[in-house]
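Chemist: Sequence and computational prediction follow.
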Amino acid sequence: MSVAVFIPVLLCCSVRADEDTGKPPTDKSGYNLFNPTPLTLMRELSPDRPDKTESPYTVDAGHFQLEMDFANYTEDNADGVRTETWNVAPVNLKVGVLNNVDVQFILDDYLHVRTVDHVTGTTQTQSGFGDFTTRVKINLWGNDGGPTAFGVMPFVKFPTNTDHLGNDAVEGGLIFPLAVKLPAGWDMGLQTEVDFLRNNAGGNYHEEFANMVTFDHSIIGKLSGYCEFFSSVSTERSANWVGTVDVGLEYLVTKDVQLDCGCNIGVTHAADDVNPFAGITVRY
């Protein structure tokens, strides 16, 4: 059984043990964007960053969450071409609409790409804004307690880039994140994702299937770390498998502020070689 088949099966077969353990959570279904969840009833901070595996937990109703990189650098060397990309202050603004639903607005604020072709001896530089993506996260269970949590997150990307920093196509997909609490203080995240993307040659669309697993554990005090394995397979002809190993640290400054840093390391030819970053999450 392939990974692309195995993870959806795992998601569907996950036992909803949270319904049978401990005291039932407080009913928060009456709270919404205009009737915010009281501070005393808010769940723990659970951002979608810094790993690629998204969180199934939503932002509490009536509250906002800002997740952003201070800076994000990507380097790739392939077939004599070196590409360096700086992404400055990309932002994900989340709005808690219902107790189990939040809406997200993602913008690549500023991109600077430098491409050096050692074969032809040419250098190209591009600078400008990136694309805009909107997502809706719906938690299906485990938002306010239990050993597992699961959600679904449809998204659409709109081509708002300048200086040819995107493919000028509307694209989208579905994300299915699962969180599992493991023994000895370990947390595991699993995700499967189906993307509908424009072919590199333009015209038709194709599907890409991404699967990932991440393990997170406290190191000391409010400092924790994670290790993640990421895989993406495209149905586009001649496309190669993308695989990365990702590591990082998270530091919870307060219950509403988290700092993080990490590095994604390519382990296949089609993947970017290295992608270090540092960022912050603020909830209010």
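Modeler: Perfect, thanks for sending it.
Chemist: count of neighbours near residue 168?
Modeler: The burial metric for residue 168, expressed as a neighbour count using other Cβ atoms under 10 Å, is 12. (C-beta placed from N, C-alpha, C; glycine too.)
Chemist: secondary structure class for it?
Modeler: The three-state label given to residue 168 by DSSP: H, G, I helix; E, B strand; the rest coil is coil.
Chemist: tell me the contacts of it?
Modeler: Residue 168 makes contact with 159, 161, according to Cβ atoms under 8 Å, 6 or more residues apart in numbering.
Chemist: how far away is it from residue 203?
Modeler: Residue 168 is 13 Å from residue 203, where distance means Cβ to Cβ, to the nearest Å.
Chemist: same question, residue 160
Modeler: Relative to residue 203, and taking Cβ to Cβ, residue 160 is found at 21 Å.
Chemist: what about these two, which has more around it?
Modeler: Each of residue 160 and residue 203 has its neighbours counted (other Cβ under 10 Å); residue 160 has more, 15 against 7.
Chemist: and the more buried one, helix, strand or coil?
Modeler: At residue 160 the chain is in coil, as set by three-state DSSP.
Chemist: same deal with residue 40?
Modeler: Reduced to three states with three-state DSSP, the structure at residue 40 is helix.
Chemist: Next, count neighbours for it.
Modeler: Residue 40 is flanked by 6 other residues according to other Cβ under 10 Å.
Chemist: do the same with the one 5 residues further on
Modeler: Applying other Cβ under 10 Å, we find 19 other residues in the vicinity of residue 45.
Chemist: and it, that's in a strand?
Modeler: No: assessed with three-state DSSP, residue 45 is coil; it does not lie in a strand.
Chemist: Tell me the spacing between it and residue 188.
Modeler: Using Cβ to Cβ, one obtains 18 Å as the distance from residue 45 to residue 188.
Chemist: Over to residue 65?
Modeler: When distances are taken as Cβ to Cβ, residue 65 and residue 188 turn out to be 22 Å apart.
Chemist: ok, the two, which is more surrounded?
Modeler: residue 65 (23 against 15).
Chemist: Isn't that one up against residue 258?
Modeler: No: using Cβ atoms under 8 Å, residue 65 is not in contact with residue 258; the gap is 10.3 Å.
Chemist: shared neighbours of the two, which are they?
Modeler: Counting by Cβ under 8 Å, 6+ apart, the shared contacts of residue 65 and residue 258 are 47, 281.
Chemist: okay, now the residue nearest to residue 129 when sequence neighbours are not counted: neighbour count?
Modeler: Distances taken as Cβ to Cβ, 6 or more residues apart in numbering put residue 162 closest to residue 129, at 5.1 Å, once the chain neighbours are dropped. Here the number of neighbours of residue 162 (other Cβ under 10 Å) works out to 12.
Chemist: roughly how far apart are residue 162 and residue 200?
Modeler: According to Cβ to Cβ, residue 162 and residue 200 sit 20 Å apart.
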